[in-house]
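Participant: no sequence for this one, just the structure:
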């Protein structure tokens, strides 16, 4: 049994170190700064946005994500931003903070490009008191909690026509920082290689705003994510009425579906909600995933802006 438990720990930690390490967001087309820092400065106002996600409700120790960001245009060519986040999965957590600088250049009178760099830190933590191994003599429980604090960075690029469309990519975890999540003595005793790194991800995202008339807009979006030999595609479609109410859907290539709903109040406050249905065996154990988004716009404009 002990070997079985240790094998489980090895598989669990190895998968966490090598698979997609960043949290899932269904409202990525609304909180798009969380996907690409080059979004900062694309519109002439500052925003604060927070996303709160409870994944696989009904399953103990399922992922819980909280993200808070502020971003906007500092001058004609400069965008600034910052974010803090926490991602909890059972006794393990990932948290951090970053600051963003984005620079914008005119390619044509209407088309611009933006390049951005975010820098900060990421902390990984294992709370051994919160890990129930069912056996008090399990060697995993020896020692104090494990904490790794490492530098982190993200590069972003966008080409866009303001209020109409954009296409870009970002590279989260650019530094590929190394970390160790299990005590060195524990690893050596078991002859395990548990050193890992923050694997570089590549995100490619595009959005187009199609005006259907005086009151209606349609926004198709695509988000492609890849790391190592894994990839995921999200295809979203959002309908907006009178720049005040929106609803839509998001489909992932693994079969998961998300329904989106939201509205703005006084052209200043944004409230969004999404509900996910998993297309896997895990669906029989959970009532779904819930995600809430709240936002505040600090420079409301009389001109029409892409609702994000």
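Facilitator: Arrived safely. In this text, all values refer to a predicted model and were calculated from it rather than measured experimentally.

Participant: which parts of the chain are helices?
Facilitator: Per DSSP state H, the chain carries helices over the ranges 2-18, 184-190.

Participant: worst average pLDDT in the ones you listed?
Facilitator: Comparing mean pLDDT across the helices of the chain, the lowest value falls on helix 2-18: a mean of 42.

Participant: so what's residue 179 closest to, chain neighbours aside?
Facilitator: Spatial nearest neighbour of residue 179, excluding adjacent residues (CB to CB, 6 or more residues apart in numbering): residue 148 at 4.1 Å. For every residue, glycine as well, the C-beta is placed using N, CA and C.

Participant: pLDDT wise, what is residue 201 at?
Facilitator: As predicted, residue 201 sits at a pLDDT of 93.

Participant: can you give me phi and psi for it?
Facilitator: Backbone torsions for residue 201, taken as degrees, to the nearest 10, come to phi -100, psi 160.

Participant: wait, doesn't it sit right on residue 169?
Facilitator: No - in this structure residue 201 lies outside contact range of residue 169 using CB atoms under 8 Å: 10.5 Å.

Participant: all strands for the stretch 101-250 of the chain, in order.
Facilitator: Shown for the stretch 101-250 of the chain, the strands assigned by DSSP state E, counting those that start in this stretch span residues 111-126, 146-161, 165-171, 178-180, 195-197, 202-208, 210-211, 216-227, 230-241, 245-252.

Participant: how many residues are close by the residue lying closest to residue 298 once chain neighbours are set aside?
Facilitator: Using CB to CB, 6+ apart and skipping the chain neighbours, the partner closest in space to residue 298 is residue 46 (4.3 Å). By the criterion of other CB atoms under 10 Å, residue 46 has 19 neighbours.

Participant: likewise residue 97?
Facilitator: 14.

Participant: that one and residue 85, how far apart?
Facilitator: 8 Å (CB to CB, to the nearest Å).

Participant: stretch 198-216: how far from the chain's middle?
Facilitator: 15 Å (CA atoms, centre = their mean, to the nearest Å).
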